[in-house]
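Q: Show me how the following folds:
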Amino acid sequence: MRKLAKGKRKGKIVGHVRKPMLSWKDNPWILQLLDPSLAADLNYSADHLATKAWGKGLCVACKGGKFLCGKTRCPLVVRLESYFRTVPLLRGTELDGASPPGVFVGRIGYPYVYAGPLVPPVHEDTSLYDLPEFWFGKSIDEIVGFRSLLVRGKHRVHVKKFEEAGKIMDRTRELALSVGPVDVELILKSKPSRRFVLDDEVQPFGPSAVVRDVRVSTSRWDHQIEKAYYDSDLKAAEAVTILHEKGVLVTKIQRAFSVGTFGLKDNRRLVPTRWSITAVDSIVSKDMIGKIKTFPEVNEYRVYESRYLDNRFEVLMIPGAWSYEAMEAWYPGTVWNPSGTHVVMFSDWEGFDGRTTYADIGGCYYAARLAVGELLVKERRQAVVIVLREAHPGYIMPVGVWQVRENVRNAVRQKPLKYNTLEEALTRVASQFQIPLERWIERSRLLRDALFQRRITDYLKG
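A: Predicted structure coming up:
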């Protein structure tokens, strides 16, 4: 284990899931769902489908209807249903539609990456297609449905030389700064390839193709983001925190951050979308924590709760100096524990001094930290905060780290359950989870500290 700087905190991760590569040839039943003209270019891999660890035989035996993997629905069938609705709209190399607006910057091949706009082949109010802040409560079918319509235009560019990359990147940046849907016409080098892209960090999107040319109608930029864009003396982190304080949606900040909108003039660069999402969550929450540490402690034990997409969240706040822990439990048949026979648990934490390493849980850690930070700043309080999550088989595919942020935001918007003792609060948490409380305590650094570690004030009371 890597040695950490004195006084810093390191989380832990338990469990490992192999990700073997699959193709439709391993699961020929898929062809029964497809038009023969579409089957030729259908391909998917372990990184793109929630079937990644089920093995060759299970999908063939199940054929999407017996749920042998433990899920409540077949993620492939759900995805294919949206795929079928999209394909008839994507027959040529020209595409026009109303971008939400949306952009995507890839990470494969870094520092040379593919970047470009996300454009659906429809002309309507598509603003919801790229605003996760307004997705809470929507079904997974709805989310996959409108995200599958977003065609990703790809343009190869060096992350530090994007301002020299020509009109395509200029237009992509215009979209990223736009306040609402923008009419876009894409001229593509080939028909969009039909690939299923699912990721636990970013929202799903549809087919992709290399862009030959792009035309963008006149758009109105977000005033606050535009101001930060033209301030080339403002550091990127400062721009991000200022925009959040002014009420700009996190998604819009992340989008602008990814296309090199913020920072000192000579330091601006493209940031892959996957990284920009977590970077903004981390920057904003770290800034809030600096304020939170100066506030008085909460004076009761609190429990906040949220349920969405078969994810159960319990947020526990304990009187004490700021510290934070995120814990996840994945049941067999879920996205990241598809073939396991036991629940897999993950955890990461930080103390008052913060942490120096990236959380093993990934972007979910920072997304939840941002959500609880917003509440504590609003109330001008600090606390020991523990976010506990049970992911059940109804969470059939990853839809992006936004669902953690919005689940925790939904939890802390509710009136908290308040208790006089930690034992009472934990009894409530235990009643909402299927996993015994003892297992959570065993994996949790902060719960063990709260339950078993004596403090100086305890001795003074004696």
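
Q: which regions of the protein lie under the pLDDT threshold?
A: 1-89, 194-199, 339, 454-462 (pLDDT under 70).

Q: The stretch 351-462 of the chain: helices as residue ranges?
A: 363-379, 402-413, 422-432, 437-443, 445-452, 456-461 (DSSP state H, counting those that start in this stretch).

Q: For residue 207, give its distance to residue 400.
A: Separation of residue 207 from residue 400 (CB to CB, to the nearest Å) stands at 18 Å. In this view, the C-beta of every residue, glycine as well, is placed from N, C-alpha and C.

Q: How about residue 153?
A: In this view, residue 153 and residue 400 are 20 Å apart by CB to CB.

Q: between those two, which one's more packed in?
A: Between residue 153 and residue 400, residue 153 has the larger neighbour count (other CB atoms under 10 Å), namely 29 against 23.

Q: Would you agree the more buried one is in contact with residue 106?
A: No. Contact criterion CB atoms under 8 Å: residue 153 and residue 106 do not qualify, at 11.6 Å.

Q: With adjacent residues omitted, what lies nearest to residue 441?
A: The spatial neighbour of residue 441 that comes closest, neighbours along the chain excluded (CB to CB, 6 or more residues apart in numbering), is residue 447 at 4.9 Å.

Q: Neighbours of the one you found, how many?
A: Tallying neighbours of residue 447 according to other CB under 10 Å, which is how burial is gauged here, yields 25.

Q: for residue 224, same thing?
A: 18.

Q: just checking, what's the longest helix in this protein?
A: Selection of the longest helix in the chain by residue count, based on DSSP state H, yields helix 273-292.

Q: Give me the buried positions along the following helix or strand past it.
A: Moving toward the C-terminus from helix 273-292, the first helix or strand encountered (DSSP states H and E) is strand 301-308. Within strand 301-308, the residues that count as buried by 16 or more other CB atoms under 10 Å are 301, 302, 303, 304, 305, 306, 308.

Q: of these, closest to residue 316?
A: Proximity of the buried residues of strand 301-308 to residue 316 was ranked by CB to CB; the top entry is residue 303 with 5.8 Å.

Q: need the contact list for that closest one.
A: Residue 303 sits next to 314, 315, 316, 317, 416, 417, 419, 425, 428, 429 when contact means CB atoms under 8 Å, 6 or more residues apart in numbering.

Q: Next one: it from residue 390, what distance?
A: As judged by CB to CB, residue 303 and residue 390 stand 15 Å apart.

Q: Might one say that residue 347 is in contact with residue 443?
A: Yes. With contact defined as CB under 8 Å, residue 347 counts as touching residue 443 (5.1 Å).

Q: State the number of residues packed around residue 92.
A: 8.

Q: mind checking the SS state of it?
A: At residue 92, secondary structure determined by DSSP: H, G, I helix; E, B strand; the rest coil is coil.

Q: domain parsing for this protein?
A: Residue ranges for the structural domains of the chain, counted by automatic domain parsing, are given in the record as 24-69, 89-216, 223-291, 294-461.

Q: coming back round to it: now distance to residue 370 and neighbour count too, for the contacts of residue 303, in a markdown table please.
A: Formatted as a markdown table, the entries for the contacts of residue 303 read as follows, by distance: CB to CB, whole Å; neighbours: other CB atoms under 10 Å:
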| residue | distance to residue 370 | neighbour count |
| --- | --- | --- |
| 314 | 18 | 25 |
| 315 | 13 | 25 |
| 316 | 17 | 26 |
| 317 | 16 | 25 |
| 416 | 18 | 18 |
| 417 | 22 | 16 |
| 419 | 25 | 17 |
| 425 | 23 | 23 |
| 428 | 24 | 15 |
| 429 | 22 | 19 |
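
Q: just those residues now: which is nearest residue 129?
A: Distance from residue 129 was checked for each of those by CB to CB. The minimum falls on residue 315, at 29.0 Å.

Q: Please tell me how far the closest one sits from residue 394.
A: Computed with CB to CB, the distance linking residue 315 and residue 394 is 21 Å.

Q: can you give me the helices for the stretch 51-200 of the chain?
A: When secondary structure is read from DSSP H, counting those that start in this stretch, the stretch 51-200 of the chain shows helices at 56-62, 75-86, 140-148, 167-177.

Q: what separates the third one from the chain centre, distance-wise?
A: The chain centroid and the centroid of helix 140-148 are separated by 15 Å under CA atoms, centre = their mean, to the nearest Å.

Q: list the helices and strands that helix packs on?
A: Helix 140-148 makes packing contacts with helix 75-86 when contacts are defined by 3 or more CB pairs under 8 Å, 6 or more residues apart in numbering; DSSP states H and E.

Q: and the gap between the closest residue to residue 398 other than its chain neighbours and residue 160?
A: The spatial neighbour of residue 398 that comes closest, neighbours along the chain excluded (CB to CB, 6+ apart), is residue 200 at 4.0 Å. For residue 200, the distance to residue 160 equals 28 Å [CB to CB].

Q: One more: residue 273?
A: 17 Å.

Q: In terms of neighbours, single out the busier of these two.
A: In this comparison of residue 273 against residue 160, neighbours counted by other CB under 10 Å, the higher total goes to residue 273 at 26 against 14.

Q: Just the C-alphas of stretch 262-280, formatted as CSV.
A: What follows is the C-alpha trace of stretch 262-280 in CSV, where atoms were taken according to Å, rounded to 0.1, in the frame of the first residue of the first chain:
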residue,chain,number,x,y,z
PHE,A,262,-11.7,28.5,-17.9
GLY,A,263,-8.2,29.3,-16.6
LEU,A,264,-5.2,31.5,-17.3
LYS,A,265,-4.8,32.2,-21.0
ASP,A,266,-1.7,30.0,-21.6
ASN,A,267,-3.0,27.1,-19.3
ARG,A,268,-6.3,26.4,-21.0
ARG,A,269,-6.8,23.0,-22.4
LEU,A,270,-9.5,20.4,-23.2
VAL,A,271,-10.5,18.1,-20.4
PRO,A,272,-12.1,14.7,-21.2
THR,A,273,-15.7,14.8,-20.1
ARG,A,274,-15.3,11.9,-17.7
TRP,A,275,-12.5,13.9,-15.9
SER,A,276,-14.2,17.2,-16.0
ILE,A,277,-17.3,15.9,-14.2
THR,A,278,-15.3,14.7,-11.3
ALA,A,279,-13.0,17.7,-11.4
VAL,A,280,-15.8,20.2,-11.0
